[in-house]
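J.: no FASTA, just this:
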């Protein structure tokens with residue numbers, strides 16, 4: 001019995017020496033080589049990764065890319081912020097990853113080991129290349145859902161969770177729909193028609209939304225002008241408030257004016273229609289005149305010298321100066337000095353001029369037949385106005 005105890009003690013001491021020797025040689029259990037690990041090659045590079053939660057990830061855990069082992073977890077520490085975990089991984093130098101790569105803590109199976117998965121970003125283009133000493137921030141990291149979390153959520157659902165409420169909801173729905181089946185069917189049919197109509201008008205709705213977007217962009221571009229207009233709207237509103245009584249009086253007067261206008265139009269309806277009908281022949285003739293009317297107006301404005309008068313005068317231009325003396329005494333004196341009689345020869349049968357008429361007496365003189373020279377002068381005036389004397 002004593003010999004057996006001695007052998008056991010010797011064996012224990014040998015095991016302790018062996019473990020101590022291993023500790024001196026490898027520096028810890030994490031330094032022991034593991035079978036089946038990734039081949040890091042001759043030139044691996046280290047990458048630091050920040051996680052909010054690393055679960056039960058341990059050093060020497062695997063690092064994979066597309067389920068292919070490419071490295072291992074080198075160390076797990078607390079980051080400088082004191083809230084996140086910093087995982088340092090060593091990746092084979094033959095693996096090329098973008099600088100904006102993402103990292104996730106995954107589990108190989110339901111009860112398998114944890115590992116770190118590296119991958120290019122799915123929603124963004126790759127940038128540069130991941131190099132030694134780079135950091136993947138916490139915004140680009142995630143972790144998988146634990147089995148314990150799923151079972152805990154299921155337990156919460158089954159034990160006092162939503163299952164009991166589902167029974168109550170089902171019972172209340174049955175009570176609400178009982179006897180109202182036709183109304184519910186009609187509501188569903190109307191809903192189907194509404195959805196169908198909206199689907200048919202989807203292009204119009206899209207155009208309206210695009211127009212609204214353009215309007216919003218225009219308003220955003222004119223934000224300063226709109227703000228200025230809103231700020232300056234206050235004084236205008238105050239003026240309107242001050243003039244409110246006058247505006248009310250003006251609108252009341254407009255109402256009375258509209259009543260009078262309506263009454264006037266109704267009373268003169270027949271006369272107005274008759275006047276328009278009477279104007280119809282005139283307007284029709286004007287329409288038939290067509291292009292002749294503008295030409296006639298051109299001739300009227302140039303009377304008595306038309307455009308054809310310019311062809312009769314040789315030269316660059318011509319001027320006409322007219323002095324018109326409307327003094328009646330001077331006119332009578334001029335007519336009295338004229339050697340041509342302004343009156344027709346009374347001896348002519350057809351009213352034609354006979355021989356030479358005697359000269360008219362001067363104003364104040366009496367002719368041979370006792371007539372007044374003034375009367376003859378008046379006749380001469382009338383004749384001269386019609387083109388008889390010059």
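T.: Ah, there it is. Everything quoted here is computed from the prediction, not taken from an experiment.

J.: hmm, which helix or strand of this structure has the shakiest average pLDDT?
T.: helix 2-26 (a mean of 42; mean pLDDT, DSSP states H and E).

J.: Return the residues in contact with residue 56.
T.: By CB atoms under 8 Å, 6 or more residues apart in numbering, the contact list for residue 56 reads residue 114. All C-beta spots, glycine's among them, are computed from the backbone N, C-alpha and C.

J.: for residue 64, helix, strand, or coil?
T.: Using DSSP: H, G, I helix; E, B strand; the rest coil, the structure places residue 64 in strand.

J.: bridging residues for it?
T.: residue 69, residue 117 (DSSP bridges).

J.: pretty sure it is touching residue 116, no?
T.: Yes. With contact defined as CB atoms under 8 Å, residue 64 reaches residue 116; the gap is 7.4 Å.

J.: Who has more neighbours out of the two?
T.: residue 116 (27 against 17; other CB atoms under 10 Å).

J.: what's the closest non-adjacent residue to that one?
T.: Nearest residue to residue 116, sequence neighbours excluded (CB to CB, 6 or more residues apart in numbering): residue 63, at 4.8 Å.

J.: right, and the one you found touches residue 95 too?
T.: No. Counting by CB under 8 Å, residue 95 is not a contact partner of residue 63; they are 9.1 Å apart.

J.: which of these two has more neighbours?
T.: Using other CB under 10 Å, the more surrounded residue of residue 63 and residue 95 is residue 63, with 26 against 18.

J.: That one: what's it in contact with?
T.: Neighbour list for residue 63: 38, 69-73, 89-91, 115-118 [criterion: CB under 8 Å, 6+ apart].

J.: Need the max-distance pair from those.
T.: Spatially, the most separated pair among the contacts of residue 63 is 90 and 117, at 15.2 Å (CB to CB).

J.: before we move on, the earlier item: now the common contact residues for residue 64 and residue 116.
T.: In contact with both residue 64 and residue 116: residue 106, using CB under 8 Å, 6+ apart.

J.: Low-confidence regions, the stretch 151-300 of the chain specifically.
T.: For the stretch 151-300 of the chain, the stretches with pLDDT under 70 are 160-164, 299-300.

J.: quick one, helices of it?
T.: Using DSSP state H, counting those that start in this stretch, the helices of the stretch 151-300 of the chain run over 162-177, 181-200, 202-221, 223-242, 244-267, 269-289, 292-301.

J.: first to last residue in stretch 147-167, what's the distance?
T.: One end of stretch 147-167 to the other measures 28 Å (CA to CA, to the nearest Å).

J.: just stretch 122-134 next, same as before
T.: For stretch 122-134, the end-to-end distance is 20 Å (CA to CA).

J.: What of stretch 77-88?
T.: 8 Å.

J.: For it, buried residues please.
T.: 79, 84-87 (16 or more other CB atoms under 10 Å).

J.: Is it possible to get TSV of the helices of the stretch 151-300 of the chain that adds mean neighbour count and distance to residue 106?
T.: Shown next, in TSV, are the helices of the stretch 151-300 of the chain (neighbours: other CB atoms under 10 Å; distance: least, CB to CB, whole Å):
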stretch	mean neighbour count	distance to residue 106
helix 162-177	10	30
helix 181-200	10	42
helix 202-221	10	42
helix 223-242	10	49
helix 244-267	10	75
helix 269-289	10	92
helix 292-301	10	94
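
J.: Mind putting the ones you listed into CSV with distance to residue 103?
T.: Output for these, formatted as CSV (distance: least, CB to CB, whole Å):
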stretch, distance to residue 103
helix 162-177, 35
helix 181-200, 44
helix 202-221, 38
helix 223-242, 43
helix 244-267, 71
helix 269-289, 90
helix 292-301, 90
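
J.: how close does residue 150 get to residue 166?
T.: According to CB to CB, to the nearest Å, residue 150 stands 20 Å off from residue 166.

J.: out of everything not next to it in sequence, what's closest to residue 96?
T.: residue 129 (6.3 Å).

J.: May I have the secondary structure class of that neighbour?
T.: Criterion first, three-state DSSP; result for residue 129: coil.

J.: can you pull the contacts of it?
T.: Contacts for residue 129 (CB under 8 Å, 6+ apart) come out as 96-99.

J.: Can you check the pLDDT for it?
T.: Looking at residue 129, its pLDDT stands at 90.

J.: And for residue 330?
T.: pLDDT recorded at residue 330 is 78.

J.: residues touching it, list them.
T.: Contacts of residue 330 (CB under 8 Å, 6+ apart): none.

J.: buried stuff in the helix or strand containing it?
T.: For residue 330, the host element (DSSP states H and E) is helix 328-337. For helix 328-337, the neighbour count (16+ other CB under 10 Å) marks 331-332, 334-336 as buried.

J.: since we're on residue 61, how many residues are nearby?
T.: Per other CB under 10 Å, the neighbour tally for residue 61 reads 21.

J.: secondary structure class for the closest residue to it other than its chain neighbours?
T.: Spatial nearest neighbour of residue 61, excluding adjacent residues (CB to CB, 6+ apart): residue 73 at 4.4 Å. Assigned by three-state DSSP, the conformation of residue 73 is strand.

J.: before we move on, what about residue 89?
T.: What three-state DSSP gives for residue 89 is strand.

J.: Was I right to think it contacts residue 45?
T.: No. With contact defined as CB under 8 Å, residue 89 does not reach residue 45; the gap is 9.7 Å.

J.: Name the surrounding residues that touch stretch 254-270.
T.: By CB under 8 Å, 6+ apart, stretch 254-270 touches residue 272.

J.: so how far is the first residue of stretch 41-55 from its last?
T.: 29 Å.

J.: Name the residues that touch that stretch?
T.: 71, 74, 76, 79, 83-94, 103, 105, 114, 116, 118, 130-138, 141, 143, 146.

J.: Noted, bye for now.
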